[in-house]
Every structure is written in structure tokens, then in C-alpha cells.
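In: Show me how the following folds:
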Amino acid sequence: MRVINVAAAQMGPIQRADSREAVVARMIALLDEAKRKGADLIVYPELALTTFFPRWYMEDQDEVDAWFEKTMPNAAVQPLFDRAAEHGIAMYLGYAELTPDGHHYNTAILTDRASRIVGKYRKVHLPGHEEFEPERSHQHLEKRYFEPGDLGFPVWRNLGGIMGMAICNDRRWPETYRVMGLQDVELVLIGYNTPSVNSLKSAEGLQQRLFHNRLSAQAGAYQNSCWVVSVAKAGLEDGHHLIGGSLIVNPDGEIVAEAATEGDEVLVAACDMDATRFGKQTIFDFARHRRVEHYGLITSRTGAVPPE
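Out: Sure thing, here's the model as predicted:
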């Protein structure tokens, strides 16, 4: 057995007025709880240091850039890195990244037990829109503030396992998991901030969105025989509600832990990396069963084209 005790550190809402320092203090409290529960790795949500700022339309670039981190770690976040190193706990941390040459990404990093950054992922599947759309119940302007990720879907060896990362909308796309699955991924880490209502379809509310959240993680885990840890920022944030439903899914697609609240909450599960082997060697033995000669449309076409 190669067991990694993984903590899903769900966070309640972060309000627009909350400082980075106040948020980091909450994250350290979750980290301390994870340590008490024997965690080796803690997974925080998407954009864990700020409110979900893409809900606002902003034209002033300085105002936009204030939500981004120019370095990681920086002074505000360093105490979290220090405590994680003290505890010997690795981290997945999501944040808004502003690169030295002016690029904006929705980013997650992976650290080892010494808080050294060993992996970086930039969100590929950006949802939403670029300009203000009055017909929406709320704005979702990720395409305005972020560029599509340029790093692909790499995986890394960490804590004796093979880990990959994704962010929010990525979890809905089977290609996300499959590209990592083709690199023998054993543990996929995902942070998300998901509104509880579809901005263009009010009938799609909380329960259906929680169903889709479970469905995406369970399908990705089962079809690639890997663990999936998917972690929310949840609750009523600046008047806008976000779903909770953080969960840990095993390689059979079964939920082994799920959040009970919409607040700060720590779930810990013992994830055996060797439990991924049976599926990878039988039903999903890619080397024996995949027929790549029939999959060309997946990479040659974006939009769907019906037959004549």
C-alpha cells in the first residue's frame, strides 16, 4: 500500500473586504486541523486567497490586477508556507497569477512536504464571457480577466504518488482526466468556485449543480482509475451563493468523503495509490484497449458538426 492521507480543505465565503492576511489565517487554521487528523497533503479551493472577483465587471486594469499575486509565496502567504513546512504537509493552492511579463492566469500550485513548489497548473477551460451581459442573473467574466492556461495537463511525482491538477470548469471535461490518465495519474487535485445558479438558466439550481459536481468527479475517477479530490469555496460570498459539496472519490468512482456544510471544513481520507492499479490493468488497460485511430476528431475539431 502507498497511502497518502489527503485533506480536502473546503473554505466558506471570502468577502470582497477580507484581507489576504485574514484569509491566510483561516487557511492556517484548516492546515492545523488537517495536521491533527494526520494529513500528508492539503487541498485548498480555486482562488483561495480572494473572493471570486470575476463576478464583477471592471475596466480599470489596476483594479483588476489588485486581485492577482505577482509572486508565490509572497509576504501575505509566506506564513501558510511556513506552517505547512513545519507540519510536513504538502499543498495544492489555487490563486490568480500575474506573471512578470504581464500575463494573467487562474493558477494552482503543488508543493512538497518542505513547501517547495514542485508543480504549477494554469486553468485551460475558461467558462463565462468577456463583456458585461445584462441578460445574466450574475456575471462570470473569467474570459475577461484570465488567459487560457499554457502548461497543458502535466503530472508530478510527489509523496510517493503521481499527481495532477485541474481547476473548476476543467473538471467537467473528460479530456482533462484522460490526458493525465495517459500519464498514469493516480491522484487528481481540483479546486472550484461554482455559483449555485446557472446565470442563463435559473431552473438549474443548487441540487442540479451539486449533482453535476459529483458526476464529473466520479466519472473522471472511474474512467481513469484514479483518486479525485475536489474542493469548494462555498456559501454566500458578497451576496452571491456558491455550492459546497467538496468530495473525495476513489478509483471505483465511489465517494468516500463529502462536505456536510458550506463553511470552513476539513475532510480527510486515506488514499491508497496502489488501489488505482486494478482498474488501470484490467478494464482501463489503455495500452491494450485504446483505439487511437478512431479518435482523430477529438484533437482536430472544436465545435460539433452534425452529419449532412
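
In: And the helices in the stretch 51-200 of the chain?
Out: 61-65, 78-87, 142-145, 174-181 (DSSP state H, counting those that start in this stretch).

In: now do the stretch 201-308 of the chain
Out: 206-224, 277-281, 286-289, 296-300.

In: nearest to G12, of those?
Out: Of all the helices of the stretch 201-308 of the chain, it is helix 206-224 that lies closest to G12, at 15.7 Å by Cβ to Cβ. Bear in mind the C-beta positions are built from the backbone N, C-alpha and C, glycine included.

In: what inclination does that closest one have with respect to helix 174-181?
Out: Per axes from the mean of the first three to the mean of the last three Cα atoms, to 10 degrees, the angle that helix 206-224 makes with helix 174-181 is 30 degrees.

In: Let me know the average pLDDT across helix 206-224.
Out: Throughout helix 206-224, pLDDT has a mean value of 97.

In: How about stretch 62-75?
Out: Averaging pLDDT along stretch 62-75 gives 98.

In: same question, stretch 289-303
Out: Here stretch 289-303 scores 96 as its mean pLDDT.

In: residues in contact with that stretch?
Out: Residues from elsewhere that reach stretch 289-303 (Cβ atoms under 8 Å, 6 or more residues apart in numbering): E175.

In: what's the straight distance from one end of that stretch to the other?
Out: Terminal residues of stretch 289-303 lie 27 Å apart, using Cα to Cα, to the nearest Å.

In: For the stretch 101-250 of the chain, which segments count as strands?
Out: Using DSSP state E, counting those that start in this stretch, the strands of the stretch 101-250 of the chain run over residues 104-111, 117-122, 155-158, 161-167, 187-192, 227-232, 235-237, 240-242, 247-249.

In: Could you check the pLDDT of the nearest residue to G88 once chain neighbours are set aside?
Out: The shortest distance from G88 to any non-neighbouring residue, by Cβ to Cβ, 6 or more residues apart in numbering, is to R113 (4.5 Å). Per-residue confidence (pLDDT) for R113: 98.

In: if we can go back for a sec, rebuild the helices of the stretch 201-308 of the chain as CSV, extending it with distance to P306 and mean neighbour count.
Out: Listed next are those as CSV, based on distance: least, Cβ to Cβ, whole Å; neighbours: other Cβ atoms under 10 Å:
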stretch, distance to P306, mean neighbour count
helix 206-224, 25, 19
helix 277-281, 34, 16
helix 286-289, 29, 10
helix 296-300, 13, 9
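
In: Pipe those into CSV and attach distance to Q10 per row.
Out: Listed next are the helices of the stretch 201-308 of the chain as CSV, based on distance: least, Cβ to Cβ, whole Å:
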stretch, distance to Q10
helix 206-224, 12
helix 277-281, 27
helix 286-289, 32
helix 296-300, 33
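
In: right, and the helices of the stretch 51-200 of the chain - which one's nearest A203?
Out: With Cβ to Cβ as the measure, helix 142-145 is the member of the helices of the stretch 51-200 of the chain nearest A203 (22.9 Å).

In: how about that closest one as PDB, C-alpha atoms only?
Out: Written as PDB, here are the backbone C-alpha positions of helix 142-145 (Å, rounded to 0.1, in the frame of the first residue of the first chain):
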ATOM      1  CA  GLU A 142     -13.200  34.700 -16.400                       C
ATOM      2  CA  LYS A 143     -12.600  35.100 -20.100                       C
ATOM      3  CA  ARG A 144     -12.100  38.800 -19.500                       C
ATOM      4  CA  TYR A 145      -9.600  38.600 -16.700                       C
END
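
In: what's the spacing between that helix and its chain's center?
Out: Taking the mean of its C-alpha atoms, helix 142-145 sits 17 Å from the chain's own mean (Cα atoms, centre = their mean, to the nearest Å).

In: now stretch 12-30
Out: Here stretch 12-30 is found 18 Å from its chain centre; the criterion is Cα atoms, centre = their mean.

In: Now it: buried residues?
Out: Residues of stretch 12-30 classed as buried by neighbour count (16 or more other Cβ atoms under 10 Å): 12-14, 18, 20, 23-24, 26-28, 30.

In: and what of stretch 68-85?
Out: Residues 68-69, 72-73, 77, 80-81, 83-85 are the ones in stretch 68-85 that count as buried (16+ other Cβ under 10 Å).
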